[in-house]
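>>> Attaching a predicted model along with its sequence, questions to come.
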Amino acid sequence: MARIVQKYGGTSVGDVERIKNVAQRIKAFRAEGHELVVVVSARSGVTNELIARAQALCANPSEREMDQLLAVGEQETIALTAMALHGVGVDAVSYTGAQAGIFTDKVHTKAKIKTINAAPVIADLKAGKVVIVAGFQGINEEGQVTTLGRGGSDLTAIALAAAVQADKCEIYTDVDGVYTADPRVVKNAKKLDEISYDEMLELASLGSKVMQTRSVEFAAKYNVVFEVRSSFNTNPGTIVKQEVAYMEKVVVRGVAVDKDQAKVVVSNIADKPGTAAKVFRALADANINVDMIVQNIGRGGLANLTFTVPLTEKAKAQLTLAPVLKEVGGDVAVDEGIAKLSVVGVGMRTHSGVAATLFDALAKAGINLELISTSEIKISVVIAKDKADEAARVAHAAFGLG
Ligand code: ADP
Ligand code: ASP
Ligand code: MG
């Protein structure tokens, strides 16, 4: 008998038939005697629909009200999943994030989990109930509903696995595991048997939506080993765990593409100490995530700064920069027609020539590099958005990942 936390994503609970399928799977685990905490997402598409409705009513909806709204998606699926279990004779109870004791900080729409009071959930498990918990949501110290950022049900599952000291944490999704690239884009992408936290973290933050970035950070911090696998079959998935020595033998573990980025060019600003500091201080104070910064010197004591921001923060970045540019001079232009392509692998630490291989392959395909950045275990380039899928296939082939 094991204590297992399972998370079923939006597609896996996408309609009544799929919820029935999930209930049958849970029933089978219960029959083996396991204790189960089950985290579910909203049905696929529901969160996006709710966001669209909010935006149709208000150009800049309050973040508190957004959280009230978006928490509804998961609240529907917990109740339906519990009912489906009752329908097949399994004792189950559903909880919202608040009811499950998930306490967060006050940052609406991207709250961080501070503590989990798991005692009631554990009591239910001991009483033989399957506990169904709404993913993606919690409550803050003022009693306000919060959400954990897009894809946040992954985080709920991993944090609960730590809190209830689960023997296993399983993330059930619509693909068989973590692949060398998005299998919908790169047809010959291969499922990985295992991957290190650091590699998974880079792939997630660089655009592989299979796991939420913050959930991987949390797993690494609390050493929660988890498996990403399919809810539609029983194939073994991908184990995500601490790095082990042999992982360095593979130079590139995977390729990620992020099409949800914008390139910001701040041109003709004064080339003197403090200008860049003013620009990036303003962006940091507005909580805008800046990446891939490049500065070039222009003519006549002027400089250009180029960087990327998430597409969702584009308007906020422009608003934030306007007063700064009044002060230091210069203009701002935003290009949405870009994508970030990255290759990731812990083996890069001990192998050379990775950048050259990538740049050669992209050059042969006629793909232009607009920005480049590297770290110990990744290389990222900004390219035209309409070349992104092709670039992913080219990079994947260049490192023999297929
Ligand atoms: P869920 O709703 O179950 O949370 P997501 O849509 O968030 O599922 O994540 C699963 C999707 O992630 C897959 O359908 C796949 O298209 C995409 N994906 C992107 N990169 C990868 C990758 N490297 N490996 C597996 N899936 C990936
Ligand atoms: N429903 C939320 C989203 O679509 C959370 C999740 O699915 O993990 O982002
Ligand atoms: Mg997801």
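Yes, it's here. Ligands and ions are numbered 1, 2, ... in the order given.

>>> what's the neighbour count on I122?
As a burial measure, I122 scores 17 neighbours (other Cβ atoms under 10 Å). From N, CA and C alone the C-beta is placed, and that goes for glycine too.

>>> would it count as being in a helix?
Yes: secondary structure of I122 (DSSP: H, G, I helix; E, B strand; the rest coil): part of a helix.

>>> Now it. Nearest residue, chain neighbours left out?
V164 (5.8 Å; Cβ to Cβ, 6 or more residues apart in numbering).

>>> And for R25?
S231 (7.0 Å).

>>> can you pull the contacts of that neighbour?
Y8, G9, S12, R18, N21, V22, R25, Y172, T173, D174 (Cβ atoms under 8 Å, 6 or more residues apart in numbering).

>>> V130 contacts A84, doesn't it?
No: in this structure V130 lies outside contact range of A84 using Cβ atoms under 8 Å: 10.8 Å.

>>> now, which of the contacts of S231 lie within helices?
The helices, defined by DSSP state H, take in R18, N21, V22, R25 from those.

>>> Let me know the closest of these to L321.
In terms of Cβ to Cβ, no member of these lies closer to L321 than R18, at 44.6 Å.

>>> The residue nearest to the closest one when sequence neighbours are not counted and ligand 1, how far apart?
Leaving aside its sequence neighbours, R18 sits nearest to S12 (Cβ to Cβ, 6+ apart; 6.1 Å). Separation of S12 from ligand 1 (Cβ to the nearest ligand atom, to the nearest Å) stands at 6 Å.

>>> Next one: S12 from S41, what distance?
Note on S12: its distance to S41, by Cβ to Cβ, to the nearest Å, is 8 Å.

>>> quick one, which of the two is more surrounded?
S41 (28 against 24).

>>> Let me see the confidence value for that one.
You'll see S41 listed with a pLDDT of 98.

>>> same deal with the one 3 residues further on?
On the pLDDT scale, S44 is placed at 98.

>>> That one - nearest residue in space that isn't next to it in sequence?
That would be G10: by Cβ to Cβ, 6+ apart, it lies 3.4 Å from S44.

>>> Report the closest residue of the stretch 51-200 of the chain relative to ligand 2.
Shortest the stretch 51-200 of the chain-to-ligand 2 distance, computed as Cβ to the nearest ligand atom: residue-wise this is S153, at 3.2 Å.

>>> hang on, that residue packs against V13?
No: counting by Cβ under 8 Å, S153 does not reach V13; the two are 10.2 Å apart.

>>> shared neighbours, these two?
With Cβ under 8 Å, 6+ apart as the test, S153 and V13 both reach V40, S41.

>>> And the residue nearest to R25, how far from ligand 1?
8 Å.

>>> What distance do you get for the residue nearest to I122 to ligand 3?
From V164 over to ligand 3 the distance is 21 Å, taken as Cβ to the ion, to the nearest Å.

>>> didn't that residue look like it was pressed against A2?
No: using Cβ under 8 Å, V164 is not in contact with A2, being 11.6 Å away.

>>> okay, the two: which has more neighbours?
The residue with more neighbours, out of V164 and A2, is V164; 21 against 12, by other Cβ under 10 Å.

>>> what number of residues lie near G89?
G89 has 8 nearby residues by other Cβ under 10 Å.

>>> Next: V72.
15.

>>> Then D176?
17.

>>> can I assume it is in contact with V210?
No: in this structure D176 lies outside contact range of V210 using Cβ under 8 Å: 10.7 Å.

>>> which secondary structure element contains A397?
helix 388-398 (DSSP states H and E).

>>> The residue nearest to K106 when sequence neighbours are not counted pairs with what?
Among residues not flanking K106 along the chain, N140 sits closest, at 4.8 Å (Cβ to Cβ, 6+ apart). For N140, the beta-bridge partners under DSSP bridges are T104.

>>> any idea how far V332 is from N268?
10 Å.

>>> And L192, by the same measure?
Distance from L192 to V332, by Cβ to Cβ: 40 Å.

>>> Likewise for M200?
Distance from M200 to V332, by Cβ to Cβ: 34 Å.

>>> out of those two, which sits in the busier spot?
M200 (30 against 18).

>>> What strand or helix carries the more buried one?
helix 197-205.

>>> so what pLDDT did G300 get?
pLDDT, G300: 86.

>>> ok, how many other residues are close to it?
Quick note: G300 (other Cβ under 10 Å) scores 6 neighbours.

>>> quick thing: my sequence starts at 30, can you match it?
All set: I'll call the first residue 30, so the last point we hit is now G329.

>>> tell me which element L154 is part of?
Using DSSP H and E, L154 falls in helix 148-155.
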